[in-house]
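Asks: Provide a 3D model corresponding to the input given below.
(one chain, ligands or ions: 1)
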Amino acid sequence: MNVTRREFTKQASLIALSSLACAHLAKAKTIYTVRKGDTLGHIAQRHGVSTAELRRTNRLSGDMIGVGQKLSIPNQSAATTAAAGTGNRYLVQSGDTLGAIALSHGISVGDLKRANNVSSDVIRIGQTLRIPAISSTKDFLSHVRVATAKITVRRNHWQRIVVHHSAIKYGNAKKYDAAHRQRGMQNGLAYHFLIGNGIDSGDGEIEIGPRWTNQLLGGHLKSYELNLTAIGICFVGNFEQTQPSKKQLAAFTQLMDWLQGDVLQKNTQFAGHKELKGEQTICPGKHFPLAAMHARYD
Ligand SMILES: [Zn+2]
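Replies: Next comes the predicted model:
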């Protein structure tokens, strides 16, 4: 068969996404007319919604907007990523489970149940859940923002973000950098970002590799072509044996939200290492919540 399972899943999720766009369109309240000088990012920011949400609602695949174009501004309470002072709200969609929602927001199911005063695991489509502002209120990202403000990100260059585990519970950017140089990588640390687990760097600490500050190709994939276009984020840990920590997941979602929504401002492919063609690996391990992250980032 020509259609691989991966392609089939991709098609199925595209269909799910377009029906999602319909649902959002129906809820949209405000119509905004694009003015000279507007960018999608600025419009999103001004209305307190994410760029991704705005794109979804208006079925845009890129950032191209024209003066006079009418954009539907999604209802903020329905916007899954709308920032609110006391925590976010999430609109339950078809196929969601409490576990998946909790994981994709870097919180526990217990936190989620407590915040919504529910004891059962049953949720229904259209229900609004309060996402508690827990440890994720901790800003894991401020130093990354500061460092990135000093460089010019090659936005057109990056087409996908690939997640890895290091397959070992020890290590940090400095140690992996040395190991990768020893293996003959002159640019050192193969990944652009590393997320610590509390052993050799902080739990949820995001370390920035020189390949990000210098906007260099990654060394995290077997395929040279993919390395040219893929940002690599690696969790310290072996997720064949353990799960990523809550703080690691919170840091990861902050990093991903920011990369997709603010830095790249375009649809980027999200993938676990093993999902890429020809890579032959089990990375990022069976305990990494890939499905939940796809639900959030596809
Ligand atoms: Zn990997």
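Asks: so what pLDDT did Ile231 get?
Replies: Residue-level confidence at Ile231 comes out at 98, pLDDT.
Asks: list the contacts of it.
Replies: 158, 160-162, 192-193, 212, 218, 259 (Cβ atoms under 8 Å, 6 or more residues apart in numbering). C-betas here are computed from N, CA, C, even on glycine.
Asks: that one should be in a helix, yeah?
Replies: No. Read with DSSP: H, G, I helix; E, B strand; the rest coil, Ile231 is strand and lies in no helix.
Asks: tell me the secondary structure of Gln243, please.
Replies: When the rule is three-state DSSP, Gln243 gets the label coil.
Asks: that one - how many residues pack around it?
Replies: When neighbours are defined as other Cβ atoms under 10 Å, Gln243 has 15 of them.
Asks: for it, what are its contacts?
Replies: The contact partners of Gln243, taken as Cβ under 8 Å, 6+ apart, are 287-288.
Asks: switch to 10 Å and redo it
Replies: Under the criterion of Cβ atoms under 10 Å, 6 or more residues apart in numbering, the contact list for Gln243 reads 103, 237, 249, 285-289.
Asks: and the pLDDT for Ala292?
Replies: What the model reports for Ala292 is a pLDDT of 93.
Asks: relative to the ion, which of the contacts of Gln243 is nearest.
Replies: Comparing the contacts of Gln243 against the ion with Cβ to the ion picks out Gly285 as the nearest, at 9.2 Å.
Asks: return the member of the contacts of Ile231 nearest to the ion.
Replies: The closest of the contacts of Ile231 to the ion turns out to be Val162 (Cβ to the ion; 7.4 Å).
Asks: touching, the closest one and Cys234? I think so.
Replies: Yes. With contacts counted by Cβ atoms under 10 Å, Val162 reaches Cys234, the gap being 9.3 Å.
Asks: residues of the stretch 101-250 of the chain that sit close to the ion?
Replies: In this structure, the stretch 101-250 of the chain approaches the ion at residues His164, judged by Cβ under 5 Å from the ion.
Asks: tell me the SS of the residue in the stretch 101-250 of the chain positioned nearest to the ion?
Replies: For the stretch 101-250 of the chain, the residue closest to the ion is His164, as judged by Cβ to the ion, at 3.3 Å. The three-state assignment at His164 reads strand, by three-state DSSP.
Asks: can you check Ala271 too?
Replies: Under the three-state scheme (three-state DSSP), Ala271 adopts strand.
Asks: any idea how far His164 is from it?
Replies: Shown here: Ala271 relative to His164, a distance of 10 Å by Cβ to Cβ, to the nearest Å.
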